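Trainee: Build me a model:
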Amino acid sequence: MGGKIRLTTAQAFIQFLNQQYIHVDGQETPFVEGIFTIFGHGNVVGIGQALEQDAGHLKVFQGKNEQGMAHAAIAYSKQMLRRKIFAVSTSVGPGAANLVTAAGTALANNIPVLLLPADTFATRQPDPVLQQIEQEHSAAMTTNDCLKPVSRYWDRITRPEQLMSSLIRAFEVMTDPVKAGPVTICMSQDVEGEAFDFDESFFAKRVHYIDRNMPSDRELQGAAALIKSSKKPLIIVGGGAKYSEARDELIAISKNYNIPLVETQAGKSTVEADFVNNLGGMGVTGTLAANKAAHQADLVIGIGTRYTDFVTASKTAFDQAKVLNINVSRMHAYKLDAFQVVGDAKVTLEKLYDLLKGYQSQYGSIIKELKTDWLAERDRLRQITFKRKGFKPEIKGQFSQEVLNEYADALQTELPQTTALLTINETIDEDSVIIGSAGSLPGDLQRLWHANVVNTYHLEYGYSCMGYEVSGALGLKLAHPDQEVYSLVGDGSFLMLHSEFITAIQYHKKMNILLFDNSGFGCISNLQMDNGSGSYNCEFRTADQQILNIDYRKVAEGYGAKTYQVHTVEALKAALEDAKKQAVSTLIDIKVLPKTMTAGYDSWWHVGVAEVSENNRVQQAFEAKQKMLKVAKQY
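Mentor: Residues are numbered from 1 along each chain as shown. This next block holds a predicted model:
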């Protein structure tokens, strides 16, 4: 019989976290880097006491908003290729409820994070306690039940001994590449402080092995036969390819067999942008080169992708192509009625490379021509100049010249968004890491941003969660303390949430916020106007219809950041260069004109257009949608 250690449940929990390790490709490292926490009712005298007494190697950061600090933890795990995590501890009630959005973000992106919302009393002696909700049909229901549908694994600890089996199950889920996602462990606040004689073996070093799963010979032979029988195959590089670190294998197959690569948002920067066969982003926010290649393809090879509607252009991107999927998840491998290869991307591609010897696609020089044409288009977008008369924005049929002039006057700028973005790409250091999530910037970034260092492009586009951009940048800085980190964020997302900017300043974790201010929810304004509606409730205007011109410099200056406001390319370059020299976090308030982002290229997005409307433009948009549905695939 082993010995016993008498600890509170919270103390045992912290000690357990310190003993979890992960083993990948012969390297063994601690899996839990630290814990974000906002102490409050339900966790301060439990987990708080345990951390104060002995946090072990865990780094403890005080967050400012529960959703924000959870986003920082998610971004950290995503950037570390899911091989390290942070835990997130909150109070009961509102603190726990604030985790729901972040949990959804992690689940949509298959990112492991350990969420620790406090819960009500297991004994129920003082019920109802402060911040406790009550339902007539169940005394057992708490706010934390809201986290069930957005958690990969969920449990409630109402007895100390439950901790042992619960945590072993939790770490099995978080370290499984197939199931990786948010785990929620709710701890009743009285149980956090309750003592128990835990088995010593529970606190022994525990190593979680991530073995690269090899597909069967049947799968490999079938995949090779499909590729060899195709004339124009196309490889879609998804997030799973990045987590598998399959860069070298992708380049080898693409280069030797002349197969073009296209990227999802999660897969971008797995392979450098300047690789000759990399045609860039795929789908609704993709490049013209990638989408033209997709329409020509007779075989689509999806590597580690979920096939969201933005990637498939709502299942209209591939005309007559067969589909071959390589994925660690059998569920994702089955998508689009594909031939399934269930295995790790890196080792699968290694095996396929040898099986494909002697094969050549029939693209010939087409890949090079597609890329050359796209680079010329990208260069054109860099040189767009606003004019007071006769200006034609990329977004067709949108604001009149008079309204654009009104914005130019209100924001005191004539700077197009595409010009600003490409200026940033050319000015910051090549090994800088960028992050984005929502609005029009993800489209511009996937089309225009050239990431020529691996894993320097970080987009959360599984949930497209507004507010992730700034809080997530803190997670990136924790992952890359020696590299510059840039959050590219619209004014709408910045206003939604930027709480962990203060945390970054507090702990001297320098980040740079590049705030694109066009005074409105520009992306959604585009969506409504593209589908026949007018500009309704998406612009930031006062009650008397004056355009808001917020000085975001002053907001960030009050936090302690170094700040800038720019209206021209020259001023933007100067601010970027000066920001590199700063030791503190920075914010550059970039005033840009609305409707100067990129438009779509040879793609379609299915949205719920009104079938009945008094507006002729809405009727036309509905009819156009119905035509596209006739060619869209249904599986």
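Trainee: quick one: contacts of stretch 627-635?
Mentor: Outside stretch 627-635, the residues that touch it by CB atoms under 8 Å, 6 or more residues apart in numbering are 314-316, 318, 336-337, 604, 606. For every residue, glycine as well, the C-beta is placed using N, CA and C.
Trainee: Can you give the distance from it to the centre of its chain?
Mentor: Here the centre of stretch 627-635 is set off from its chain's centre by 28 Å, with CA atoms, centre = their mean, to the nearest Å.
Trainee: ok so, going back, how about the contacts of stretch 627-635 in TSV, adding secondary structure and neighbour count?
Mentor: Putting these into TSV (DSSP: H, G, I helix; E, B strand; the rest coil; neighbours: other CB atoms under 10 Å) gives the following:
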residue	secondary structure	neighbour count
314	coil	21
315	coil	19
316	coil	22
318	coil	21
336	helix	17
337	helix	11
604	coil	21
606	coil	16
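Trainee: and which of those residues is nearest residue 409?
Mentor: Lowest distance from residue 409 to the contacts of stretch 627-635 (CB to CB) belongs to residue 604, with 35.5 Å.
Trainee: Is that closest one in contact with residue 310, as I believe?
Mentor: No: contact between residue 604 and residue 310 fails when scored by CB atoms under 8 Å: they sit 10.9 Å apart.
Trainee: Touching both of these two, which residues are there?
Mentor: residue 284.
Trainee: Closest one to residue 138 out of the contacts of stretch 627-635, please.
Mentor: Comparing the contacts of stretch 627-635 against residue 138 with CB to CB places residue 606 closest, at 38.8 Å.
Trainee: if I look at the closest one, how far off is residue 522?
Mentor: Going from residue 606 to residue 522 by CB to CB, to the nearest Å gives 21 Å.
Trainee: OK, contacts around the most centrally placed residue in the chain?
Mentor: With distances taken as CA atoms, centre = their mean, residue 460 lies nearest the centre of the chain, 1.4 Å away. Contact analysis of residue 460 by CB under 8 Å, 6+ apart lists 74-75, 78, 105, 109, 435-437, 468, 472.
Trainee: out of those, which one sits closest to residue 510?
Mentor: residue 435 (14.0 Å).
Trainee: Quick check, that closest one in contact with residue 484.
Mentor: No: counting by CB under 8 Å, residue 435 does not reach residue 484; the two are 11.8 Å apart.
Trainee: which residues of the stretch 151-300 of the chain score low on pLDDT?
Mentor: Scanning the stretch 151-300 of the chain for pLDDT under 70 picks out nothing.
Trainee: Next: the chain.
Mentor: Counting by pLDDT under 70, the chain has low-confidence residues at 1, 397.
Trainee: Please give the centre-to-centre distance between stretch 583-592 and its chain.
Mentor: Its chain's C-alpha centre and that of stretch 583-592 lie 22 Å apart, by CA atoms, centre = their mean.
Trainee: So what's the residue count around the residue nearest to residue 610 when sequence neighbours are not counted?
Mentor: Distances taken as CB to CB, 6 or more residues apart in numbering put residue 618 closest to residue 610, at 5.5 Å, once the chain neighbours are dropped. Using other CB atoms under 10 Å, residue 618 has 19 other residues around it.
Trainee: Mind telling me what element residue 618 is part of?
Mentor: According to DSSP states H and E, residue 618 maps onto helix 616-631.
Trainee: how near is residue 260 to residue 348?
Mentor: For residue 260, the distance to residue 348 equals 19 Å [CB to CB].
Trainee: Could you double-check that residue 336 sits in contact with residue 324?
Mentor: No: using CB under 8 Å, residue 336 is not in contact with residue 324, being 9.7 Å away.
Trainee: any residues in contact with both of these two?
Mentor: By CB under 8 Å, 6+ apart, the residues touching both residue 336 and residue 324 are 300, 302.
Trainee: tell me the contacts of the residue nearest to residue 610?
Mentor: Contacts for residue 618 (CB under 8 Å, 6+ apart) come out as 531-533, 609-610.
Trainee: Of those, keep whichever come out buried.
Mentor: Taking 16 or more other CB atoms under 10 Å as the criterion, what is buried in the contacts of residue 618 is 531-533, 609.
Trainee: re the thing from before, and the furthest pair within the contacts of stretch 627-635?
Mentor: Within the contacts of stretch 627-635, 337 and 604 form the most distant pair, 20.3 Å apart (CB to CB).
Trainee: Would you mind pulling the contact partners of the helix or strand harbouring residue 367?
Mentor: Residue 367 is part of helix 366-382, with elements assigned from DSSP H and E. For helix 366-382, the surrounding residues in contact (CB under 8 Å, 6+ apart) are 258, 260, 276-280, 287-289, 292-293, 296, 394, 418-419, 422-423, 447-448, 598.
Trainee: next helix or strand past the helix or strand hosting residue 279?
Mentor: With elements taken from DSSP H and E, the one containing residue 279 is strand 278-281. Per DSSP H and E, the first helix or strand lying C-terminal to strand 278-281 is helix 288-296.
Trainee: For the stretch 151-300 of the chain, just list every one of the strands.
Mentor: Ranges of strands in the stretch 151-300 of the chain, per DSSP state E, counting those that start in this stretch, are 153-157, 182-188, 195-199, 206-209, 233-237, 261-263, 278-281, 299-303.
Trainee: could those go into TSV alongside mean neighbour count?
Mentor: Below are these laid out as TSV (neighbours: other CB atoms under 10 Å):
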stretch	mean neighbour count
strand 153-157	19
strand 182-188	27
strand 195-199	16
strand 206-209	14
strand 233-237	28
strand 261-263	30
strand 278-281	26
strand 299-303	27
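Trainee: wait, which of these is closest to residue 28?
Mentor: Set against residue 28 and scored by CB to CB, the strands of the stretch 151-300 of the chain come closest in strand 206-209, at 6.4 Å.
Trainee: re the thing from before, look at residue 435 and residue 484 and report which has more neighbours.
Mentor: residue 435 (28 against 19).
Trainee: Which residue ranges of the stretch 501-635 of the chain form strands?
Mentor: Taking DSSP E, counting those that start in this stretch as the test, the strands found in the stretch 501-635 of the chain are 512-517, 562-566, 586-591.
Trainee: go on, the stretch 1-150 of the chain?
Mentor: 4-8, 20-24, 27-30, 32-37, 59-62, 85-90, 113-119.
Trainee: Pipe those strands into TSV and attach distance to residue 125 and mean neighbour count per row.
Mentor: Supplementary listing: the strands of the stretch 1-150 of the chain in TSV, determined by distance: least, CB to CB, whole Å; neighbours: other CB atoms under 10 Å:
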stretch	distance to residue 125	mean neighbour count
strand 4-8	18	16
strand 20-24	34	18
strand 27-30	38	12
strand 32-37	26	24
strand 59-62	31	16
strand 85-90	23	28
strand 113-119	14	28
